[in-house]
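Asks: Below are the sequence and a predicted model for it; my questions follow.
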Amino acid sequence: MMRLLLVLFVLTIGAPLLASAESASAHPGSAPSATVPSADEVRARIDTLRLADGEMLVVGDVTLAKAVTQFYEQQQFNLIWNLDRVQQLLNALSALVQDGLDPEDYHYAELLRAGVALESMPAAQRIDFDLLATDAYLRALIHLFRGKVDPRRVDPRWNFAISDIASSRALQVISAAVSENRVEDAFAKARPRHIIYAQMQHTLAELRAIAARGDWPQLDDGPTLKPGMVDARVPILRARLIAAGIAIAPDAGELYDPATVAAVKQFQREQSQVSDGAVGKGTRAALNISINQRIDEQRADLERARWLLHDVQGNFVLVNVAGYRVDFYRGNTSVWNARVQVGTPARDTPIFKSKVSHITVNPSWVVPPTILRKDIVPKLRKNPNYLAENRIRIFDSRNQPLSPSQVDWDRPGNIALRQEPGPKGALGRAAIRFPNPYAIYLHDTPHQELFSSPQRTFSSGCIRVERALELVELLFDDSATWNRAAIDAEIAKGKTRNVNLARPVPMLLTYWTVHRHADGRISFNPDVYKRNPALIQALNTPRR
């Protein structure tokens, strides 16, 4: 019903606007005389756009409808958009391409065409134009502030609060920006202001510049290229690597020489592939992904950044699940990073924002029911001593210990398995805890050898951290009480202990498939969870 009413609103407003603009352009001498509507007329027009339950037809969601009403209340129901402000709004809307958004989602063409006749519009059309511009202004600010796509639309597990721009204080700020002719400033403040977002915008601009020159070179099918081979595709391969920003001599003939092999290995490492220097099906497919697809991937990353990056300042931890990497930031600078292992595609790691509250030293591990059923029971069938060898104890529903012989492993029932703490325990020597509904946390791991794998989807959802104790020390941020020596001493006691942080530290779990290196080069992480297509499709869906 709401979608139908929205369409009717656009038809009743958009058609007269376009007709007015076209008429004024074709017959400038016959344009209707200007009439400035009164506040009572504006209020009456808004009242006609209300439903019985108080929603408005001007937009399709309750939050924005409420914002439109309150916005005009703060303006005493006076018209808002004069020629100068409309031009500022059009400038701001056209700049949304830098954010990976489409200005046409915000009536750009309609406002541009109808705006030329603004001062000669009859009162009714002038009010409708004002409402259309306000809809564009508020909706664009909301999309910059919290994303165009509702995260729950592409991830049903998402249950974190979505930032609301319709609060009284927020509306006062954006209303004042219009009154003071600072429309573009309001757009700048609605964007995430961390340098990560600005770097993503810069990367998007660079990718579009490549697209404007045509796609990058495509490598034809054929036998796997191996070091020392002579092949007509080698010069094309070399040109493609240069386009990726990898330093290599541009003209060395058709010989697959050591310098080109080294460049391919670098490309493979950055693609989370086995870096063997052989250009087979997988490497060729990565090389041949179109520039337009890479542009869309960066747009998806910008959207996810809008979900998570607002109000991030000071110290924080950022895990890029798709990039298998964790960073510790101080302000705009990453001062520490390490590799991570994340969930398998079947048990993927979610993305969300939280705050690190405490560290568990010498953590025990309570086996999740899914792992008990799918992993532990099959191992027990092969090795009856598996539990004892891994220091795993069994408890019934009253927390009383059981022996393995007391359990029917075909129907284990309501039991719990707990692995005792120790350096070989699943969680290693420390776990980093932060509130979330998914039982996700960061932790040390005895499986250090897996960090050398190119694609590190090995866990059941939690994040295994390389050099985890270094991150623990950074989180404590207390060189007197919790320096590395003190942490090691506490671990040596062998007892489980929870230690609260003096100040909770923001934790961001992200999923970004485009990576900008410190030297400015751009590389791409595989979409291991296949999350990009749905988000890109939602971003590309026009707003009707």
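Replies: Good, I have the coordinates.

Asks: So for the lengthiest strand in the chain, what gets flagged as buried?
Replies: In the chain, assigned by DSSP state E, the strand with the most residues is strand 497-510. Neighbour-count burial for strand 497-510, with 16 or more other C-beta atoms under 10 Å as criterion, is recorded at 499, 501, 505-510. In short, each C-beta sits where N, CA and C put it, glycine included.

Asks: can you pull the contacts of residue 281?
Replies: Residues in contact with residue 281 (C-beta atoms under 8 Å, 6 or more residues apart in numbering) are residue 224.

Asks: All further residue positions should be reported with the first residue as 886.
Replies: In the new count, where the first residue is 886, that last one comes out as residue 1166.

Asks: separation between it and residue 1180?
Replies: 24 Å (C-beta to C-beta, to the nearest Å).

Asks: from the middle of its chain, how far away would the longest strand of the chain be?
Replies: Counting by C-alpha atoms, centre = their mean, to the nearest Å, strand 1382-1395 is centred 21 Å from the centre of its parent chain.

Asks: Kindly format the C-alpha coordinates of that strand as CSV.
Replies: Listed next in CSV are the C-alpha coordinates belonging to strand 1382-1395 (Å, rounded to 0.1, in the frame of the first residue of the first chain):
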residue,chain,number,x,y,z
ARG,A,1382,40.8,-14.9,34.9
ASN,A,1383,38.6,-12.2,33.4
VAL,A,1384,40.3,-8.8,33.4
ASN,A,1385,38.2,-5.7,32.6
LEU,A,1386,39.6,-3.0,30.4
ALA,A,1387,39.9,0.4,32.1
ARG,A,1388,38.2,1.9,29.1
PRO,A,1389,36.1,-0.2,26.6
VAL,A,1390,37.6,-0.1,23.1
PRO,A,1391,35.4,0.0,20.0
MET,A,1392,35.5,-3.2,17.9
LEU,A,1393,34.5,-3.2,14.2
LEU,A,1394,34.1,-6.4,12.3
THR,A,1395,33.9,-5.4,8.6
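
Asks: Contacts for it, please.
Replies: Residues external to strand 1382-1395 that are found in contact with it (C-beta under 8 Å, 6+ apart): 1189-1190, 1193-1194, 1197, 1199-1206, 1234-1247, 1318-1319, 1325, 1348, 1360-1363, 1367, 1375.

Asks: Give me the domain ranges for the chain.
Replies: 887-1076, 1197-1248+1308-1397, 1250-1305 (automatic domain parsing).

Asks: Nearest approach to residue 1143 belongs to which of those domains?
Replies: Taking C-beta to C-beta as the measure, those were each checked against residue 1143, and domain 1197-1248+1308-1397 came out nearest at 21.4 Å.

Asks: ok and the helix or strand hosting residue 1243 relative to strand 1382-1395, angle-wise?
Replies: Secondary structure assigned from DSSP states H and E places residue 1243 in strand 1237-1246. Per axes from the mean of the first three to the mean of the last three C-alpha atoms, to 10 degrees, the angle that strand 1237-1246 makes with strand 1382-1395 is 150 degrees.

Asks: May I have the strands that pair with strand 1237-1246, each with its orientation?
Replies: Each strand that strand 1237-1246 pairs with, and the sense of that pairing, follows from DSSP bridges: strand 1315-1318 (antiparallel), strand 1382-1395 (antiparallel).

Asks: Going by mean pLDDT, which of the domains of the chain comes out lowest?
Replies: Comparing mean pLDDT across these, the lowest value falls on domain 887-1076: a mean of 76.
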